[in-house]
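# Predicted model and sequence below, questions to follow.
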Amino acid sequence: MELSIRNLSKTYANGVVALDNISLTIPSGMFGLLGPNGAGKSTLMRILATLQECDAGSVFFGELDVLDEKDEVRRQLGYLPQDFGVYPKVSAYELLDHFAVLKGLSHRNRRREIVDGLLQQTNLFDVRHQKLGTFSGGMRQRFGIAQALLGDPKLIIVDEPTAGLDPQERVRFHNLLSDIGDDRTVILSTHIVSDVADLCANMAIINKGELLVTGATQELIDDISCKIWARFVDKKDLPYFQQRHTIISTRLLSGRTLIHAYSDSDPGDGFEEAIGDLEDVYFATIAGRHVTDACD
Ligand SMILES: Nc1ncnc2c1ncn2[C@@H]1O[C@H](COP(=O)(O)OP(=O)(O)OP(=O)(O)O)[C@@H](O)[C@H]1O
């Protein structure tokens, strides 16, 4: 089912404009919401999860008025917040069972079936009697997904779920997310470009409360692919290149400084054509470059 956000705005009491007239259509499947810290992602996620009020705008999930019919939304929604805390002294099974009761699963045997199933799906069944305080970051996040899946929601929101996970745990977590994204609408909010590149068929980039671009991830990459030029430089020469070219990223590769320039045609100066990727889309968009003109 499609989530339709129209003209959504939110300004905090201190005057910070967290969301500035955002309109966005989120189709089913995995959708990546990408933006730097402070972009407004969590504010948007909390509004969608009915935990915060907006100032103006509308949100519909299919026919459901998300801003108005909060109780119904809560029944249909799974949410993994950025700061998902667990009770360290209870076991995974006990806490998930408790959440299941809160979700309205009152029938004992049925609840047991569902809780066991979710623990299996998130690969936590073997450790279900272990106290949550002993869990690693990755295990805790997988537990967070298990609780978000209670009640078989059609809309799932996960807010920066991979921050702090080691590479192996991230891969495991990605696989889990991609499994649950098959027949649902899953919004993944993150500042990690590769989370979106790995998982999301559709995406948006927001910064400072504004929607900068949205579309199919592969199309956005295709649109920029012919406009990225790369070269290694000595660090001391960086200001020279920054003055003469539109440098969208500077990164270290095996200890050497690699710069990417954005240009419709060969910028000269020793740059070579590079194959643009989602990081280039992200950096060029944040730098205020227009990236939606297709390549020839
Ligand atoms: N309760 C609040 N009161 C005032 N300002 C706030 C409040 N919550 C967030 N902000 C500000 O609103 C802006 C957007 O914050 P938000 O947390 O939505 O961004 P974010 O993209 O989720 O970033 P992060 O990844 O750091 O959480 C930031 O400038 C932030 O400082």
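That came in fine, so what should we check first?
# Give me every residue in this structure lying close to the ligand.
12, 14, 16, 18, 35, 37-43, 160, 191 (C-beta under 6 Å from any ligand atom). To be clear about C-beta, it is placed using only N, CA and C from the backbone, and glycine gets the same treatment.
# Save those residues as a markdown table, and put in neighbour count too.
A markdown table is the format used below for the residues of the chain next to the ligand (neighbours: other C-beta atoms under 10 Å):
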| residue | neighbour count |
| --- | --- |
| Tyr12 | 10 |
| Asn14 | 5 |
| Val16 | 13 |
| Ala18 | 23 |
| Gly35 | 24 |
| Asn37 | 8 |
| Gly38 | 14 |
| Ala39 | 23 |
| Gly40 | 25 |
| Lys41 | 25 |
| Ser42 | 18 |
| Thr43 | 21 |
| Glu160 | 20 |
| His191 | 17 |
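# Mark which of those are part of helices, please.
If you go by DSSP state H, those have 41-43 in helices.
# all helices for the stretch 151-296 of the chain, in order.
Here the stretch 151-296 of the chain has its helices, by DSSP state H, counting those that start in this stretch, at 167-180, 193-199, 217-224, 238-244, 278-286.
# Out of the helices and strands in the protein, which is least certain?
When the helices and strands of the chain are scored by mean pLDDT, DSSP states H and E, helix 167-180 comes last with a mean of 87.
# Tell me which other helices or strands it touches.
helix 137-148, strand 185-190, helix 193-199 (3 or more C-beta pairs under 8 Å, 6 or more residues apart in numbering; DSSP states H and E).
# the domain parsing of the protein - what is it?
Domains of the chain are assigned by automatic domain parsing as 3-208, 222-286.
# Could you look over these and pick the most buried one?
The highest mean neighbour count among the domains of the chain, using mean count of other C-beta atoms under 10 Å, belongs to domain 3-208: a mean of 18.
# Could I get the residues of the chain next to the ligand in TSV, plus columns for pLDDT?
Shown next, in TSV, are the residues of the chain next to the ligand (pLDDT from 0 to 100):
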residue	pLDDT
Tyr12	96
Asn14	95
Val16	95
Ala18	97
Gly35	94
Asn37	90
Gly38	90
Ala39	94
Gly40	95
Lys41	94
Ser42	93
Thr43	96
Glu160	86
His191	91
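# Throw these into TSV and include distance to Lys235, thanks.
Below are these laid out as TSV (distance: C-beta to C-beta, whole Å):
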residue	distance to Lys235
Tyr12	39
Asn14	39
Val16	35
Ala18	36
Gly35	28
Asn37	26
Gly38	28
Ala39	29
Gly40	33
Lys41	32
Ser42	35
Thr43	37
Glu160	31
His191	25
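# In the chain, where is pLDDT below threshold?
290-296 (pLDDT under 70).
# let's see 80
Where the chain drops to pLDDT under 80, the residues are 83-86, 163-164, 289-296.
# Tell me which stretches of it form strands.
3-11, 17-26, 29-34, 56-61, 64-65, 77-80, 155-159, 185-190, 202-207, 210-216, 228-233, 247-253, 256-262, 272-273 (DSSP state E).
# Name the residues that touch the first one?
By C-beta atoms under 8 Å, 6 or more residues apart in numbering, the surrounding residues in contact with strand 3-11 are 17-26, 40, 43-44, 47-48, 52, 54-61, 66, 155, 185, 187, 209.
# same question, the third one
Strand 29-34 is contacted from outside by 41, 44-45, 177-178, 181-182, 185-191, 193, 195-196, 199-206, 217, 282, using C-beta under 8 Å, 6+ apart.
# rerun at 7 Å
Outside strand 29-34, the residues within contact range by C-beta atoms under 7 Å, 6 or more residues apart in numbering are 41, 177-178, 181, 185-191, 193, 195-196, 199-206, 282.
# quick check, distance from it to the centre of its chain.
Centroid displacement of strand 29-34 relative to its chain, using C-alpha atoms, centre = their mean, to the nearest Å, is 5 Å.
# That strand versus helix 278-286: what angle between them?
50 degrees (axes from the mean of the first three to the mean of the last three C-alpha atoms, to 10 degrees).
# ok, now the longest one?
Counting by the same axes, to 10 degrees, strand 17-26 points 130 degrees away from the direction of helix 278-286.
# before we move on, back to that, Thr134: which of the strands of the chain is closest?
strand 77-80 (20.2 Å; C-beta to C-beta).
# Alright, that wraps it up for me.
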